[in-house]
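S.K.: just need the structure, nothing else, for what follows:
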Amino acid sequence: MSKDRARRRAERESTAALRLSEQGADRDKRAKRRQRRRLLPTRTRRRPRSTSALSIRKRERRAAIASTLLVVVVITYSMTRSLTMVIGVLLIASIATPALAAAFLDRSKK
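M.R.: Residues are numbered from 1 along each chain as shown. Alright, predicted model coming up:
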């Protein structure tokens, strides 16, 4: 009788140990999945490769150039009160702006 009881107890202990190891593996899988989900937004923030992110950068670049040009035109007009000078600055800027933008704002070659 005691041998039978000992055998059943050993079976119960082995099944309990097996169940604990399976639960531990499930817990590890869930923890890894949680960590991946938590890191996913930081991965996408670090490397925006969508076309919308590129177009936003282009729009911001154009807005920076336009605002700088507007400041230059307003300063020119306020200092000279001459529309001829303002038109001259605009003509010079129409030629110089693409060259300056390509020289200073082009980050694709880095």
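S.K.: domain assignment for this structure?
M.R.: When the chain is parsed with automatic domain parsing, its domains come out as 1-47, 50-110.
S.K.: just those: most buried one?
M.R.: Here the criterion is mean neighbour count by mean count of other C-beta atoms under 10 Å, and of those the winner is domain 50-110, at a mean of 11. Where C-beta positions appear, they are placed from N, C-alpha and C, glycine not excepted.
S.K.: picking up where we left off before, mean pLDDT added to the domains of the chain, as TSV?
M.R.: What follows is these, written out as TSV (pLDDT from 0 to 100):
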stretch	mean pLDDT
domain 1-47	80
domain 50-110	83
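S.K.: how far does the helix or strand harbouring Arg30 sit from its chain's centre?
M.R.: With elements taken from DSSP states H and E, the one containing Arg30 is helix 2-46. On the basis of C-alpha atoms, centre = their mean, to the nearest Å, helix 2-46 sits 34 Å off its chain's mean C-alpha point.
S.K.: tell me what whichever helix or strand comes after that helix is packed against?
M.R.: From helix 2-46 onward toward the C-terminus, using DSSP H and E, the following helix or strand is helix 51-80. Here helix 51-80 touches helix 83-104, going by 3 or more C-beta pairs under 8 Å, 6 or more residues apart in numbering; DSSP states H and E.
S.K.: and the helix it packs on, C-alpha only, in PDB?
M.R.: Listed in PDB are the C-alpha atoms of helix 83-104, where the atom choice follows Å, rounded to 0.1, in the frame of the first residue of the first chain:
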ATOM      1  CA  LEU A  83       9.700  98.600 -54.200                       C
ATOM      2  CA  THR A  84      12.500  98.400 -56.800                       C
ATOM      3  CA  MET A  85      14.800  97.100 -54.000                       C
ATOM      4  CA  VAL A  86      12.200  94.600 -52.800                       C
ATOM      5  CA  ILE A  87      11.800  93.300 -56.400                       C
ATOM      6  CA  GLY A  88      15.600  93.100 -56.700                       C
ATOM      7  CA  VAL A  89      15.800  91.100 -53.500                       C
ATOM      8  CA  LEU A  90      13.100  88.800 -54.700                       C
ATOM      9  CA  LEU A  91      14.800  88.200 -58.000                       C
ATOM     10  CA  ILE A  92      18.100  87.500 -56.200                       C
ATOM     11  CA  ALA A  93      16.400  85.200 -53.800                       C
ATOM     12  CA  SER A  94      14.600  83.300 -56.600                       C
ATOM     13  CA  ILE A  95      18.100  82.400 -57.900                       C
ATOM     14  CA  ALA A  96      20.000  82.000 -54.700                       C
ATOM     15  CA  THR A  97      17.300  80.100 -52.600                       C
ATOM     16  CA  PRO A  98      17.500  76.800 -54.400                       C
ATOM     17  CA  ALA A  99      21.300  76.800 -54.300                       C
ATOM     18  CA  LEU A 100      21.400  77.700 -50.600                       C
ATOM     19  CA  ALA A 101      18.700  75.100 -49.800                       C
ATOM     20  CA  ALA A 102      20.700  72.400 -51.700                       C
ATOM     21  CA  ALA A 103      23.900  73.500 -49.900                       C
ATOM     22  CA  PHE A 104      22.700  73.800 -46.300                       C
END
